[in-house]
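*Asks:* Turn this into a structure:
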Amino acid sequence: MDKVADQNSAGGFLYPPISPFDQRMLDVGEGHRIYVEQCGNPDGIPVVVLHGGPGGGCSPGMRRYFDPKAYRIILFDQRGCGRSRPHASVTDNTTWHLVRDIEQIRETLGIDRWVVFGGSWGATLSLIYAQTHPERAAALLLRGVFLMTQKELDWFYGGGAGVFWPELWAQFASLIPIEEQGDMIAAYHDRLFCGDTEIESRYARAWAGWENSLASIHNQGARGEPPSEYARAFARLENHYFVNRGFLEEDGQILRDVPKIAHIPSVIVQGRFDMICPPQAAYRLAEHWPLAQLRMVHLAGHALSESGITAELVKETNRLRRQRDTLNV
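*Replies:* Predicted coordinates for the structure are as follows:
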C-alpha cells in the first residue's frame, strides 16, 4: 500500500537531482522484463529501494533520500508496473516472484550485501526478502509498516479508515452494490478483472483514489484523478496481492519470522496519524525485534513525501553513511 501521488517529486530534500548512470530492462523469466536503474556513486553503499503498492512503481524522487556521493542507489519497477512489462499483468506475479527478482538484480549487479529501503508495501517486501535471504541484508530502513495481515486489510477496506473519512468511504463503496459491500476487496476484484478495459479503468481510478486521498495528514479530502494507465496497473496489482493475502503461508507470518532477521539492524519510521497503515503494526514489529529502532513522527501520515517523514529518513541514511564500516558492505 502506498500513496499514488508519490509518483511525483517528494520535495524538501537535502540533495540535488540525481541522474542514473545505468538503466536497463532485466529479463526475469515467465515473460516479465523489469526496469532497473542505478545512480549515485558506483563505489558507494549499495541500497535497494522497494516501492509501494504493490503496483506503485519507482520514481525519481525516491533517489533523493540518499547522499549520491556515499550511496550506490538501485531502484526498480516491480513486475507489471511502471516501466516493467507486460504492464498491469498479474500472471506469474507473486511475492515470491518479486523476492526472486530482487536476488536476480543483486546477482546481476555483482553486489554481495546491501541496505534494504522500503515503505508501505515496500516495507512488507523488504521484511519478506530479508527473512528469505538474511545473509544479504546489511540493514533495513522501513517506513509506514504494513505486515499484510487480515486485520490491516479489514481496517482499510472494511470501513475502519472510513470512520474518519465517511464521505470518501461512501464514494468508494457507492460503486459496489450493497449486497457485495461485506467484502470490498473481492467486489472490486470482479470489476478490475472483468475483461472490459473501460470498466476496469473506472474501478481502478476509484480504488487508487480512495488510497491517495488518505495518504497525507495535510490532505483535505480532495481526490486527484490518477492517469488511467497508471491506476489500472496499481489497482489490479494491489487487489491481486490482497485477494491472495500476499501469497503468505499464514496470517501473521512476518511477525512469526522476525527471529530470522533478529541480528539485522533496522530503523522503522512511522507516521503517528497514518490512516493507511496505522502505527500498531510498526509498534508490534519493533516489540518483536530487539535491534529495530522505532521513530514515530508525530505530525505525519503515510506519505513518503511528508516533511517529517522525509527529514527522519534522510537523517537515518546519513547515519548509516557515517557507519559504513559496521555494515560490512
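
*Asks:* Which parts of the stretch 51-200 of the chain are helices?
*Replies:* 95-108, 121-132, 150-157, 166-174, 184-192, 197-213 (DSSP state H, counting those that start in this stretch).

*Asks:* So which bits of the fourth one are buried?
*Replies:* In this case it means helix 166-174. 168, 169, 171, 172, 173 (16 or more other CB atoms under 10 Å). All C-beta spots, glycine's among them, are computed from the backbone N, C-alpha and C.

*Asks:* give the contact list for the last one.
*Replies:* Under the criterion of CB atoms under 8 Å, 6 or more residues apart in numbering, the neighbours of residue 173 are 162, 181, 184.

*Asks:* these two touch, right, the last one and residue 177?
*Replies:* No. Contact between residue 184 and residue 177 fails when scored by CB atoms under 8 Å: they sit 11.4 Å apart.

*Asks:* These two: which has the busier surroundings?
*Replies:* Shown here are residue 184 and residue 177; by other CB atoms under 10 Å, residue 184 has more neighbours (25 against 9).

*Asks:* For stretch 21-33, give the mean pLDDT please.
*Replies:* Here stretch 21-33 scores 98 as its mean pLDDT.

*Asks:* ok, back up a step: which one among the contacts of residue 173 gets closest to residue 276?
*Replies:* Using CB to CB, residue 162 is the member of the contacts of residue 173 that lies nearest residue 276, at 12.3 Å.

*Asks:* residues near the closest one, how many?
*Replies:* With other CB under 10 Å as criterion, residue 162 counts 21.

*Asks:* The closest residue to it other than its chain neighbours and residue 291, how far apart?
*Replies:* Among residues not flanking residue 162 along the chain, residue 169 sits closest, at 2.9 Å (CB to CB, 6 or more residues apart in numbering). For residue 169, the distance to residue 291 (CB to CB, to the nearest Å) stands at 38 Å.

*Asks:* Where does pLDDT dip in the stretch 101-250 of the chain?
*Replies:* In the prediction, the stretch 101-250 of the chain carries residues with pLDDT under 70 at positions 221-224.
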